[in-house]
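Visitor: Could you work out the structure for the sequence below:
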Amino acid sequence: MSDAMELSKIEHLKSGSRQLRGTIAEELLSPETPFTEGMEQLLKNHGTYQQENRDGRGTGEAKSYGMMVRSRVPGGKITAAQFLSELDLCDRFGNGTLRITTRQGFQLHGVLKDNLRETIREINRIKLTTLAACGDVNRNLMCCPAPINGNSIRRDNQALADRITEHLRPRTSAYFDIWLRDEQTGEEQNVADFQPIEEPIYGANYLPRKFKIGVTLPEDNCIDALTYDLSFVTIHNGSTIEGYNVYVGGGQGVTPANKKTFATVAKRMAFCSPEDAVEVAGAVVKAFRDTGNRADRKLARLKYVIANQGLDFFREKVEAHLGRKLAPARDVAITDADDHMGWHEQGDGNLFLGINIENGRIKDDGSLRIKSGLRAILGKYGMNTRLTALQGVILCDIQPQDRDDISKMLVEYGIAPAEELTLIRRYSIACPALPTCGLSVTESERVMPRVIDDLEVELRKFDLIGERISVHMTGCPNGCARPYTPDIGLVGKSRGKYTVYLGGNAEGTRLAFLFRDQVPLEQIAQSVSPLLPYFKEERLPQEAFGDFCYRKGLADLQARCGTN
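Guide: Here you go, the predicted structure:
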């Protein structure tokens, strides 16, 4: 960026924040609610968002504020004790629900300001953290969570995810000073007594915008890695990792009023060895730090650097930080994605069980008592768990003799086994949207089950209920649930109305195209229904619905539906 270009308001805020301290500590002690606008922004780097319960609007009552607190969980790896503690926290300080995010983390909603410090302390006590779960830093690092131990490839990828996470961890002591110091050391410190610490990756002003990384497999891109700023796609021979294809510049957020914004998938930039992957990750982040737009946050993601300056330009910046040239990328395609639901062999004599959590919301609701069921199973067996990018949970290391008992417990708590769920439901995800997200223009999580119900009715009409069709829904165009790459993407456009995208795929390798705009919620399934018999009649062997739509193209599909 040009030195003469005016920095954005948030860049000035970070610059004067004393490495993300601001006046957070003072405002925590103040009875005033909510946090001020500036501290609301800085708090994101500490893993928490200030939110208003928008269901209360128009009631005449005062605005109701609460905090969303996000735990960073690299690769979705969670112990039973950590999982149970997060469930306890949602009851003690949250709204009684725990949410698995679309990026393998945990979110608590409805935490009051007075309980924020204790909540964050408890998360750290169980050896998780909220640091860098949000904000202008590298966020939760994604990786395939399947505990398949037949060979070392997935374990090695998980280990790489952990190493990159540690390498890119912010070094500021602000997090410890504000949230943890007096509890862990018995010391009180005036955080105004500030001594800066070197940030070797992020520099004085951290990144121009958030940054996301994924480590994936070409045969199982279950984390939608190409939607992130940086992706490592594993090149292997079946038993040994040869290296990684490095992709850069993916991103889902769009601002409709700004025509310069867009969603895109990452571009293949280079190949690196397993030994060099951590260093390459650091170099990519540094290159983005130096070249990203710090004047306009709507255009601040890495995808805009590459779109405006070119992939060769960015590669040269990365190589400058590395001090050497990068090798050309290998010609290896991403071919599939697995949700890892149901019972599976781990490869070490044990089993793992994937449990679908619709839209990631862990709660008890009538006969479906997911929260109580997970409490009971984890309390009894104490197995390690993993969180998936499709908002599910995997129970690991199950001894074969315990399978029948765990299956009975699922029935007792009303939790349907994977084989009883349609693939369209298993491959659906949604963002929280209303009532807590301030950016949402309409519903998402709360209406997604109804949308899937309606789509299932249409699929059954044409004997297509067994098809794997991925559906992602968001309450606004910002794209938190990655709606621009699945078979069907649903993006909130105005109150109760959505833009319908078609032509992506479950593998997440291409963008969908806009099929219909301003579709009322109750008409979403009907808008797609005319295409289903067409798909059944003219699909190629093994062709998925999104692939069919992409092959036919927008004009052909609109002609079939009698629209234009």
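Visitor: how does the protein divide into domains?
Guide: Domains of the chain are assigned by automatic domain parsing as 1-137+173-197, 147-170+206-337, 342-421, 425-561.
Visitor: Output those domains as a markdown table; include the columns mean pLDDT.
Guide: Listed next are the domains of the chain as a markdown table, based on pLDDT from 0 to 100:
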| stretch | mean pLDDT |
| --- | --- |
| domain 1-137+173-197 | 90 |
| domain 147-170+206-337 | 97 |
| domain 342-421 | 97 |
| domain 425-561 | 97 |
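Visitor: Distance of the most centrally placed residue in the chain relative to residue 431?
Guide: Taking C-alpha atoms, centre = their mean, the centroid of the chain lies closest to residue 103, which sits 2.4 Å from it. Distance, residue 103 to residue 431, using C-beta to C-beta, to the nearest Å: 11 Å. Yep, even glycine has a C-beta here, placed from its N, CA and C like the rest.
Visitor: again, but for residue 374
Guide: Between residue 374 and residue 431 the computed distance is 22 Å (C-beta to C-beta).
Visitor: quick one: secondary structure of residue 71?
Guide: Under the three-state scheme (DSSP: H, G, I helix; E, B strand; the rest coil), residue 71 adopts strand.
Visitor: Quick check: beta-bridge partners of it?
Guide: Beta-bridge pairing of residue 71 under DSSP bridges involves residue 106.
Visitor: separation between it and residue 82?
Guide: Distance of residue 71 to residue 82, computed by C-beta to C-beta: 8 Å.
Visitor: Just want to know which of these two has more residues nearby.
Guide: Set residue 71 next to residue 82 and count neighbours by other C-beta atoms under 10 Å: residue 71 wins out with 25 against 20.
Visitor: which residues touch the more buried one?
Guide: Taking C-beta atoms under 8 Å, 6 or more residues apart in numbering as the contact definition, residue 71 lies against 47, 86, 105, 106, 107, 123, 128, 129, 130, 133.
Visitor: was I right about the second one contacting residue 105?
Guide: No - applying C-beta atoms under 8 Å, one finds residue 86 not in contact with residue 105, separated by 10.3 Å.
Visitor: what sits up against the helix or strand where residue 489 lies?
Guide: Assigned by DSSP states H and E, residue 489 falls within strand 488-494. Under the criterion C-beta under 8 Å, 6+ apart, residues 256, 433, 440-444, 451, 455, 469-477, 479, 483-484, 498-502, 504, 512, 517-518, 524, 528, 545-546 lie in contact with strand 488-494.
Visitor: partner strands of it, parallel or antiparallel?
Guide: Partners of strand 488-494, by DSSP bridges, with direction: strand 471-474 (parallel), strand 497-502 (antiparallel).
Visitor: what's residue 327 sitting at in phi/psi?
Guide: Dihedral pair for residue 327: phi -80, psi 150, per degrees, to the nearest 10.
Visitor: What distance do you get for it to residue 218?
Guide: 17 Å.
Visitor: Between those two, which is the more surrounded one?
Guide: residue 218 (18 against 13).
Visitor: Tell me which stretches of the stretch 201-350 of the chain form strands.
Guide: 213-216, 230-236, 241-248, 267-272, 342-345 (DSSP state E, counting those that start in this stretch).
Visitor: now those strands in JSON lines, with mean neighbour count?
Guide: As requested, these are exported to JSON lines (neighbours: other C-beta atoms under 10 Å):
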{"stretch": "strand 213-216", "mean neighbour count": "28"}
{"stretch": "strand 230-236", "mean neighbour count": "24"}
{"stretch": "strand 241-248", "mean neighbour count": "22"}
{"stretch": "strand 267-272", "mean neighbour count": "21"}
{"stretch": "strand 342-345", "mean neighbour count": "16"}
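Visitor: Please render those as TSV that adds distance to residue 508 to the earlier fields.
Guide: Formatted as TSV, the strands of the stretch 201-350 of the chain follow (distance: least, C-beta to C-beta, whole Å):
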stretch	distance to residue 508
strand 213-216	9
strand 230-236	10
strand 241-248	11
strand 267-272	14
strand 342-345	21
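Visitor: Minimum distance to residue 465: which of the ones you listed has it?
Guide: Ranking these by proximity to residue 465 (C-beta to C-beta) places strand 342-345 first, at 17.2 Å.
Visitor: name the element the closest residue to residue 17 other than its chain neighbours belongs to?
Guide: Residue nearest to residue 17 in three dimensions, not counting chain neighbours: residue 42, with 5.7 Å by C-beta to C-beta, 6 or more residues apart in numbering. Under the criterion of DSSP H and E, residue 42 resides in helix 37-43.
Visitor: List the strands paired with whichever helix or strand comes after that helix, with their directions.
Guide: Reading on from helix 37-43 to the C-terminus, the next helix or strand found by DSSP H and E is strand 48-52. Here strand 48-52 has these sheet partners by DSSP bridges: strand 65-71 (antiparallel).
Visitor: after the strand it pairs with comes which helix or strand?
Guide: Strand 65-71 is succeeded, C-terminally, by strand 77-78 (DSSP H and E).
Visitor: my read: residue 476 touches residue 438, true?
Guide: No - judged on C-beta under 8 Å, residue 476 makes no contact with residue 438 at a distance of 9.7 Å.
Visitor: who's in contact with stretch 534-554?
Guide: Contacts of stretch 534-554 (C-beta under 8 Å, 6+ apart): 462-464, 467-470, 486-488, 502-506, 510, 512-515, 531, 557, 560.
Visitor: brain fart, stretch 363-371
Guide: Residues outside stretch 363-371 that contact it (C-beta under 8 Å, 6+ apart) are 87, 96, 97, 98, 357, 362, 372, 413, 414, 415.
Visitor: Let's have those in TSV, adding distance to residue 261 and secondary structure.
Guide: Below are these laid out as TSV (distance: C-beta to C-beta, whole Å; DSSP: H, G, I helix; E, B strand; the rest coil):
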residue	distance to residue 261	secondary structure
87	38	helix
96	36	coil
97	32	coil
98	32	strand
357	31	coil
362	33	strand
372	43	helix
413	43	coil
414	42	coil
415	40	coil
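Visitor: Now do the shared contacts for residue 71 and residue 82.
Guide: Taking C-beta under 8 Å, 6+ apart as the criterion, residue 71 and residue 82 both touch residue 128.
Visitor: Tell me how far residue 158 lies from residue 144.
Guide: Applying C-beta to C-beta to residue 158 and residue 144 gives a distance of 8 Å.
Visitor: Same drill for those two, tell me which one is more crowded.
Guide: residue 144 (30 against 21).
Visitor: Might you report the residue contacts of the more buried one?
Guide: Residue 144 sits next to 75, 154, 157, 215, 216, 217, 220, 222, 223 when contact means C-beta under 8 Å, 6+ apart.
Visitor: Distance-wise, check the nearest residue to it once chain neighbours are set aside relative to residue 442.
Guide: In space, and not counting its chain neighbours, residue 144 is closest to residue 222: 5.4 Å by C-beta to C-beta, 6+ apart. Distance of residue 222 to residue 442, computed by C-beta to C-beta: 28 Å.
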